[in-house]
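>>> Okay, sequence plus prediction incoming.
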2 protein chains.
Amino acid sequence: MVSLKDIANECGVSVATVSKSLNDLNDVGQETKDRVREAAKKLGYFPNSSARTLKTNRSYNIGVLFVDEAQSGLTHDYFAHVLDSFKRTVEAQGYDITFINSRHNNNMSYLEHSRYRGVDGVVIACVDFFDPQVMDLIRSQLPVVTIDHVFDYRIAVLSDNIQGMHDLVEYVCDKGHRRIAYIAGDDTSVTKNRVGSFYRSLEKREISIPDEYLMYSTYRNPDLAYLKTKELLALPVPPTCIMYCDDYSALGGINAIREAGLSIPDDISVVGYDGSYIARILDPKLTTLKQDTERIGRVAAEKLIHLIENPKTTLIQRMVIDGELLEGGSVADLN
Amino acid sequence: MVSLKDIANECGVSVATVSKSLNDLNDVGQETKDRVREAAKKLGYFPNSSARTLKTNRSYNIGVLFVDEAQSGLTHDYFAHVLDSFKRTVEAQGYDITFINSRHNNNMSYLEHSRYRGVDGVVIACVDFFDPQVMDLIRSQLPVVTIDHVFDYRIAVLSDNIQGMHDLVEYVCDKGHRRIAYIAGDDTSVTKNRVGSFYRSLEKREISIPDEYLMYSTYRNPDLAYLKTKELLALPVPPTCIMYCDDYSALGGINAIREAGLSIPDDISVVGYDGSYIARILDPKLTTLKQDTERIGRVAAEKLIHLIENPKTTLIQRMVIDGELLEGGSVADLN
DNA sequence: CGTTTTAACTTAAACGTTTTCAATTGTCAT
DNA sequence: ATGACAATTGAAAACGTTTAAGTTAAAACG
């Protein structure tokens, strides 16, 4: 490893001068700067992030807490896309990311792990937001941005589930549907928002639905959605349109519907959520609400970096990111 | 930040003794050890990885090079699963992962970035393996494991594409098919293996197919697969079974087939690859070859860690990981 | 010309560890 | 009592940086 000292020797100057030259500080002569930089290149010098971090308390490393039931958000379609965009954005600014986990190894908590690695800030998504360990992190001094969940005194980036649900309900109603069912996801704040918006949007159109039309399932669980769909189809007065909490669940529902000998959208209409890849390649294309994962990840990154680089910032923001309704062919026009 | 010094003060011993106590070295009295450990817990001490890395040249950090065309393997289903398993395995052993990228920021190469972050080793997958930057990394002194590509003198973990393709062809032939087409992926070593195995397996069964039955598409590109499928269907003598390079592509093909008014599997049979989630929730279920992403990621992690912790190891291994044929309902029995 | 200012550079301490080596004690066999 | 040995501890250097404070010489000023 070639270090500042090697360059200093090569150039016959002190280590300090080398450091200042490379960091382009203004109390070193232009000529020396040039000489130093040339030598650095010649010797193949690259800085050592550990030494730098140790000295400056800035790691240019961002912690990512993406933990779902399966322990990792990586295989979670929605969050993988958000993370991808987040990663791209921070990398463009010279940051790297490190996954924060709680290692039973030497039982570090999330917060301890964050400190251990000296991350400059943390983005939190896709976790059990009531986990005491998460709360510790939230209450810490670290810069934090959360995704899809609001905490007091913390910046949050939120997919607009209320508007999204509203758009979908409006769309379905416009198509003439009145018997609309919703198979919702787990009991999270996202789900609460969507269910609330579902009811309010129907009310606005003066549509009332029986209690059985609202069912609870689990996100990304086509098997359970399949069962719930069967229940809906078996009702004395089944819905004409079923909305699902995500596209994967919708696929489970579609199977149940087809198995019952019904066709989509002629006999029954189907709506998904997420605007994931599969929605576009199903036949008929699934009408769904595309969440703007690219923007969510990017904005989260921008806000977090801003917070890191302007520590005195005290402005608590709620960034609400619009989705976009993708019209497929899965909803029949009853008009 | 509470450091060793704070504990030393608290206990009235030297920093050296504290360090040795916490690392459980054997030249410090049991009684002192206990006292030190207690104080450490009381003060809420956690080590500083930067300082440790600086001193020991061991970061317990592993570089991950997962770069596809879209710049990141995160949204790539197959690699996301491999990475997830890899991550899980290394974390259980106290390692973290850092994504290696080439930052145009200060134009660090992959190798330079790896050194900058002081990673203990690197896993490489999902890249253009002929990129000069990748070659630099391969030729470096760093411990490296590659996935799905073989380099001399480097450990590789490989999904058994040859056997996998063979299994699929055998299965299809056993079902009585003789006119079998394959829509292959990009020109990579994976593709070469599969295409080679496709032909050899057919030969073994003494089946010959027209040249037009082999087409080249792109991985995870249902739109292109859709077009290629149309071409196949338009042939004077179309195939009775079409095999696709992945499940997503198969989905594109399925749409083309249905659009042509044909039904699966009665009129034409379809086979995918990967065993991804969608294969299981399609109707009919897609017959596909499930790659053992869990095992691939785990073995890559194990081998890499072993290499890191036993630097003198010189054994170059090729770990070939079996897949598993998942039988769906997408292949007709012609017997 | 003497004084102050500025520019260019160096010294040295510090960040939090690990690790070598030396120092101090106590124990035990002779 | 003496020397040898083991057990325990501490001092200090080192890893590669950054940075506050200090030094020197030249330039600017009145």
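Sure, I can see it.
>>> What segments of the stretch 151-300 of chain A are strands?
Per DSSP state E, counting those that start in this stretch, the stretch 151-300 of chain A carries strands over the ranges A:155-159, A:180-184, A:214-216, A:241-244, A:269-271, A:288-290.
>>> and among those, the most buried is which?
Each of the strands of the stretch 151-300 of chain A was scored by mean neighbour count; the highest is strand A:241-244, a mean of 30, by mean count of other Cβ atoms under 10 Å in any protein chain shown. Glycine gets a C-beta too; all of them are placed from N, C-alpha and C.
>>> and it, which strands flank it?
Sheet pairing for strand A:241-244, assigned by DSSP bridges, gives strand A:180-184 (parallel), strand A:269-271 (parallel).
>>> Give the rounded mean pLDDT of it.
Averaging pLDDT along strand A:241-244 gives 98.
>>> again with stretch A:193-202
98.
>>> Touching it from outside, list them.
Residues from elsewhere that reach stretch A:193-202 (Cβ atoms under 8 Å, 6 or more residues apart in numbering or on different chains): A:161-166, A:169-170, A:173, A:180, A:182, A:184-185, A:208-209, A:214, A:243, A:245, A:273.
>>> Centre of the chain to it, how far?
Centroid separation for stretch A:193-202 versus its chain: 22 Å, with Cα atoms, centre = their mean, to the nearest Å.
>>> Can you tell me how far the residue in the stretch 151-300 of chain A that DNA strand C sits nearest to is from residue A:144?
As assessed by Cβ to the nearest atom of the strand, DNA strand C sits closest to residue A:154 within the stretch 151-300 of chain A, at 25.9 Å. Remark: distance between residue A:154 and residue A:144 (Cβ to Cβ, to the nearest Å) = 6 Å.
>>> Overlap of the contact sets of the two?
residue A:138.
>>> out of these two, which sits in the busier spot?
Using other Cβ atoms under 10 Å in any protein chain shown as the criterion, residue A:154 and residue A:144 rank with residue A:144 on top: 23 against 19.
>>> surely the more buried one meets residue A:122?
Yes - shown here, residue A:144 and residue A:122 form a contact pair, counting by Cβ atoms under 8 Å, at 5.2 Å.
>>> okay, and the common contacts of the two?
Counting by Cβ under 8 Å, 6+ apart, the shared contacts of residue A:144 and residue A:122 are A:137, A:304.
>>> hang on, the earlier thing: out of the contacts of stretch A:193-202, which are buried?
Neighbour counting by 16 or more other Cβ atoms under 10 Å in any protein chain shown classes A:161-166, A:169, A:173, A:180, A:182, A:184-185, A:209, A:243, A:245, A:273 among the contacts of stretch A:193-202 as buried.
>>> For residue A:122, which three-state class applies?
When classified by DSSP: H, G, I helix; E, B strand; the rest coil, residue A:122 comes out as strand.
>>> could you measure it against residue A:221, distance?
28 Å.
>>> Low-confidence stretches in chain A?
Low-confidence segments of chain A, defined by pLDDT under 70: A:68-73, A:103-106.
>>> Show me how the record splits it into domains.
Using automatic domain parsing, the domain ranges for chain A come out as A:4-47, A:61-159+A:295-320, A:161-291.
>>> Can I get the strands paired with strand A:241-244 in JSON lines including distance to residue A:27?
As requested, the strands paired with strand A:241-244 are arranged in JSON lines below (distance: least, Cβ to Cβ, whole Å):
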{"stretch": "strand A:180-184", "distance to residue A:27": "63"}
{"stretch": "strand A:269-271", "distance to residue A:27": "65"}
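>>> So for DNA strand D, which of the ones you listed sits nearest?
strand A:180-184 (51.0 Å).
>>> just to revisit the earlier point, residue A:122 and residue A:221: who's more crowded?
Ranked by neighbour count (other Cβ under 10 Å), residue A:122 and residue A:221 place residue A:122 first, with 24 against 19.
>>> what residues are up against the spatially closest residue to that one that is not a sequence neighbour?
Spatially, and ignoring its direct neighbours in sequence, residue A:122 is nearest to residue A:63 (4.0 Å; Cβ to Cβ, 6 or more residues apart in numbering or on different chains). Taking Cβ under 8 Å, 6+ apart, we find residue A:63 in contact with A:97, A:98, A:99, A:100, A:113, A:114, A:117, A:119, A:121, A:122, A:123, A:142.
>>> same thing but at 10 Å, please
Listed by Cβ atoms under 10 Å, 6 or more residues apart in numbering or on different chains, the contact partners of residue A:63 are A:97-101, A:110-111, A:113-115, A:117-124, A:137, A:142-144, A:304, B:96.
>>> same thing with residue A:67?
Neighbouring residues of residue A:67 by Cβ under 10 Å, 6+ apart: A:73, A:79, A:99-102, A:110, A:124-128, A:131, A:133-134.
>>> of those residues, closest to residue B:265?
Residue B:265 lies nearest to residue A:79 out of these, by Cβ to Cβ, at 35.0 Å.
>>> Tell me the buried residues in the helix or strand hosting the closest one?
Per DSSP states H and E, residue A:79 falls inside helix A:77-92. Residues of helix A:77-92 classed as buried: A:77-91 (neighbour count, 16+ other Cβ under 10 Å).
>>> Around chain B, pick out the residues from the stretch 151-300 of chain A.
A:220, A:222-223, A:225-226, A:248-252, A:254-259, A:277-278, A:280-285, A:293 (Cβ under 10 Å from any Cβ of the partner chain).
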